[in-house]
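# After the sequence you'll find the predicted model.
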Amino acid sequence: MIDSLIILARFVHYAAATALFGVSLFPLYAYVASEPERLGRWRAGLLLVTAVAALLSGLFWFVFSAANMAGSLSDLADIEILWAVVRDTGFGVVWTARLFLVVVIILVIGMHQFQKARLSWNLVLVILAAVFLASLAGTGHAQVEEGGASIVHVLSDAAHLLAAGAWLGGLVPLAYILAYLTKTSRDAGPMNQILLRFSGMGYLAVATLLGSGFVNSWFLVGSVSNLIGTPYGQVLLIKLVLFAGMVALAAANRLWLVPLMSSLSSSLEATIYQHRLRNHLFGEQALGVMVLLIVSVLGTMRPAIGQ
């Protein structure tokens, strides 16, 4: 029962932290000029929602994990047990710092909720969100190694998390902007420019995911036989298949739909292909949600290495 609750809390927290970083990063690369005011207000509201979701899911993750260490949820009624988890475990120390950080993020977002977003505000928020997301590397399997190997694994895991956040989190405002511009403008130029910039970021994100994923697999899986013959490896294979599907949809967008939309002269044809692009983006998001669920499950499983 507690394991299922931990997986659920992990899933919501990963989704919220990923969206928080990707949505905050989006305007730094997506626009030539400043962000449109209406889109900025929408994005600020979304950031506040994701930050609150990250705080609440983080609290539940901590409580369920502490209960798992203590033996049951009822044991947490003893304040000494809860304090011992916070004070005497690496998980408790890291988690206390992360919860404090997300409270700071909520305050920063709230201070600027009704103000026009400025570059300096976006930069501060991106840095805070990046630290918050990357710090998840300090709560997982990367803590198993010691010495230099532990540092390499933590850094690789942090890079993996940030690349995933930039891509998956960026899909949320991208889909919203596609729907918004489709309704308000017949000029496909601005949307095509945003798509091209998102694709440029996507190339870097995918390359980082592949490189850091290989390093993480080396530490956690170790061999092809472990990948195929252990429960951890088999669940990881499902994640890789979902990731391949996301890459295929992204490649179709960049290499087929976006160039085709740029060359169309008929507004009717452009609308048809914009709907196809929107379906592809929703497909990427759906696969991304399933990837996050798989990651939440993998975090509770024994790594394949050494089995």
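All right, it came through fine.
# State the pLDDT value of S4.
Note for S4: predicted pLDDT of 87.
# Look up phi and psi at it.
Note on S4: its backbone torsions stand at phi -70, psi -40 [degrees, to the nearest 10].
# Which stretches in the stretch 51-200 of the chain count as helices?
Taking DSSP state H, counting those that start in this stretch, the helices of the stretch 51-200 of the chain run over residues 79-88, 90-111, 119-134, 147-164, 170-184, 189-220.
# For G288, find the nearest of those.
Of all these, helix 170-184 sits nearest to G288, with 6.7 Å by CB to CB. For glycine as for every other residue, the C-beta is placed from the backbone atoms N, C-alpha and C.
# give me the low-pLDDT residue ranges for the stretch 201-307 of the chain?
For the stretch 201-307 of the chain, the stretches with pLDDT under 70 are 261-271, 306-307.
# can I get the helices of the stretch 51-200 of the chain in JSON lines with distance to L257?
Converted to JSON lines, the helices of the stretch 51-200 of the chain look like this (distance: least, CB to CB, whole Å):
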{"stretch": "helix 79-88", "distance to L257": "50"}
{"stretch": "helix 90-111", "distance to L257": "33"}
{"stretch": "helix 119-134", "distance to L257": "28"}
{"stretch": "helix 147-164", "distance to L257": "23"}
{"stretch": "helix 170-184", "distance to L257": "11"}
{"stretch": "helix 189-220", "distance to L257": "9"}
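# Compare those and give me the one nearest N279.
helix 170-184 (10.2 Å).
# Can you list the buried residues in the closest one?
Using 16 or more other CB atoms under 10 Å as the burial criterion, the residues of helix 170-184 that qualify are 170-178, 180-182.
# With stretch 48-63 instead?
48, 50-55, 57-58, 60-63.
# With stretch 215-227 instead?
For stretch 215-227, the neighbour count (16+ other CB under 10 Å) marks 215-217, 219-222, 226-227 as buried.
# what's the offset of that stretch from the middle of its chain?
Averaging C-alpha positions (CA atoms, centre = their mean, to the nearest Å) puts stretch 215-227 23 Å from its chain's average.
# Next up, the contacts around S120.
Neighbour list for S120: empty [criterion: CB atoms under 8 Å, 6 or more residues apart in numbering].
# Start at 57, not 1
Sure thing, new numbering starts at 57, so read that last one as S176.
# Show the pLDDT at it.
74.
# I'd like the distance between it and H168.
To H168, S176 is 10 Å away according to CB to CB, to the nearest Å.
# Just flag the most distant two among the buried residues of stretch 271-283.
Maximum pairwise distance in the buried residues of stretch 271-283, criterion CB to CB, is 15.5 Å, between V271 and N282.
# buried stuff in the helix or strand hosting F82?
Assigned by DSSP states H and E, F82 belongs to helix 58-86. Residues 58, 61-83, 86 are the ones in helix 58-86 that count as buried (16+ other CB under 10 Å).
# Any idea how far the strand or helix carrying V297 is from the middle of the chain?
In this assignment (DSSP H and E), V297 forms part of helix 287-308. Here helix 287-308 is found 15 Å from its chain centre; the criterion is CA atoms, centre = their mean.
# okay, now the domains of this protein?
With automatic domain parsing as the criterion, the domains of the chain are listed as 57-195, 202-363.
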